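> Generate a structure from the sequence data that follows.
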Amino acid sequence: MDTMVSNPTILLARPFTPVRTVASTINLHSTSLFTPSPEKLVLRCRKLGLGFRSSSSFRSKSVITCGVTEINERQFSEVVLNSDRPVLVEFVANWCGPCRLISPAIEWVSQEYKEKLMVVKIDHDSNPRLIEEFKVYGLPTLIFFKNGHEVPESRREGAITKAKLKEYVDALLESVSLT
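Predicted coordinates:
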């Protein structure tokens, strides 16, 4: 009799139990280990009262944007450098696990601070000129801009909790209001 074990502690507790290995296949075009399905993202956006854009085809990845505007190299100057209010720029990639991990917190910031701050997202793979210009070495990278310039010491790399992100944004907004 074959027994399938899903919890390694059970295996340690009963060392003589025969184990059968079960292989499974994951379709990477439609399933991700780190992010919910597109349908769940749409439901989350609706629940939060956020607008969303969805574009997909049968064989390509779905792209759903809630609250945070994605821009490219051509739009950067107009949206970020010419903005009349501070802009938080998030450099991300579809393949980046930490980028997907902090995505809900970034969406929260875009809604919570929408009167004081604009939040935009830039795809790392599609915008190599910006990656080189701003020397983005790790993902996700957050950079704060005010009056068309990067705010000194505002750069942050890697995943961040919602609480730490709130502290980071509050401190930056306070520092730019003093100047």
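
> all strands for this structure, in order.
Listed from the start of the chain, the chain has strands (DSSP state E) covering 52-55, 63-66, 69-71, 87-92, 118-123, 141-146, 149-150, 156-157.

> any idea which of the ones you listed is most buried?
Neighbour counts (mean count of other Cβ atoms under 10 Å) averaged over each of these peak at strand 87-92, with a mean of 24. From N, CA and C alone the C-beta is placed, and that goes for glycine too.

> Can you give the strand pairings for that strand, parallel or anti for each?
Within its sheet, strand 87-92 is paired with strand 118-123 (parallel), strand 141-146 (antiparallel), according to DSSP bridges.

> Would you enumerate the residues in contact with the residue nearest to Ile122 when sequence neighbours are not counted?
Closest residue in space to Ile122, ignoring its immediate chain neighbours: Phe91 at 5.2 Å, by Cβ to Cβ, 6 or more residues apart in numbering. Residues in contact with Phe91 (Cβ atoms under 8 Å, 6 or more residues apart in numbering) are 122, 124, 130-131, 134, 136, 139-143.

> quick one: which of those is nearest Trp108?
Of all these, Trp108 sits closest to Leu142, with 13.8 Å by Cβ to Cβ.

> quick one: the closest one and Arg155 touch, right?
Yes. At 7.2 Å, Leu142 counts as touching Arg155 under the criterion of Cβ atoms under 8 Å.
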